[in-house]
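**Q** Sequence and predicted structure are below.
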Amino acid sequence: MSNLKLVTHSANRRRNSAQQSGSWRNPGTFTAGRDLGAGKTCLTQGIAYGLDIHEYTLSPSFVIMRELHGRLPLYHMDFYPSDNVAEISDLGLDDYLSAKRGV
Ligand SMILES: Nc1ncnc2c1ncn2[C@@H]1O[C@H](COP(=O)(O)OP(=O)(O)OP(=O)(O)O)[C@@H](O)[C@H]1O
Ligand SMILES: [Mg+2]
């Protein structure tokens, strides 16, 4: 696992730098963000562009996961308002993603 710290000073710069990271992403890459209003949606919009996804990427609040298709599929998950790890584990997302990967 490796960490990348991304510091940007505007929403568009964040989208642009995320677009570059999306263009070299490999299957299975996982990106997490936690703080409210930290720019998670802008980051995801940029990654989506980098993956050649041209659907508009909205925050999936109140929808647990959106699946978008481009060069690679993008699974955009938002567990807000749950911070209960057991509840999130019970959703079966591991099984869903494993089935998508064919494992
Ligand atoms: N790097 C940045 N610098 C300054 N402002 C930014 C940056 N990234 C995003 N913003 C602005 O901050 C606000 C929140 O961004 P965004 O919606 O992407 O955050 P979020 O983490 O998805 O929020 P939420 O937790 O509500 O879903 C927006 O108005 C966006 O334009
Ligand atoms: Mg958001």
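**A** Cool, the structure landed. Residues are numbered from 1 along each chain as shown. Ligands and ions are numbered 1, 2, ... in the order given.
**Q** centre of the chain versus the host helix or strand of Leu68, how much separation?
**A** Secondary structure from DSSP states H and E places Leu68 in strand 65-69. In terms of Cα atoms, centre = their mean, to the nearest Å, the centre of strand 65-69 is found 9 Å from the chain centre.
**Q** Describe which strands that strand pairs with in its sheet and in which direction.
**A** Sheet pairing of strand 65-69 (DSSP bridges) gives strand 73-77 (antiparallel).
**Q** Let me see the mean pLDDT of the partner strand.
**A** For strand 73-77, the mean per-residue pLDDT is 91.
**Q** check whether that strand contacts ligand 2.
**A** No: Strand 73-77 stays clear of ligand 2 (Cβ under 5 Å from the ion), getting no nearer than 9.5 Å. Every C-beta, even on glycine, is put in place using the N, C-alpha and C of the backbone.
**Q** Show me what that strand is in contact with.
**A** For strand 73-77, contacts defined as Cβ atoms under 8 Å, 6 or more residues apart in numbering pick out 44, 47-48, 51, 53, 57, 60, 64-68, 93, 97, 100.
**Q** just the buried members of the residues you listed?
**A** Among these, those classed as buried by 16 or more other Cβ atoms under 10 Å are 44, 47-48, 51, 53, 57, 60, 66, 68.
**Q** Please identify the buried residues of the lengthiest helix in the chain?
**A** Criterion DSSP state H: the longest helix present in the chain is helix 11-23. Within helix 11-23, the residues that qualify as buried by neighbour count (16+ other Cβ under 10 Å) are 14-15, 17-19, 21-22.
**Q** can I assume Tyr96 sits in a helix?
**A** Yes: assessed with DSSP: H, G, I helix; E, B strand; the rest coil, Tyr96 lies in a helix.
**Q** From Arg25, how far out is it?
**A** 20 Å (Cβ to Cβ, to the nearest Å).
**Q** okay, those two: which has more neighbours?
**A** Using other Cβ atoms under 10 Å, the more surrounded residue of Tyr96 and Arg25 is Arg25, with 15 against 12.
**Q** That one: what's it in contact with?
**A** Contact analysis of Arg25 by Cβ under 8 Å, 6+ apart lists 47, 50-51, 72.
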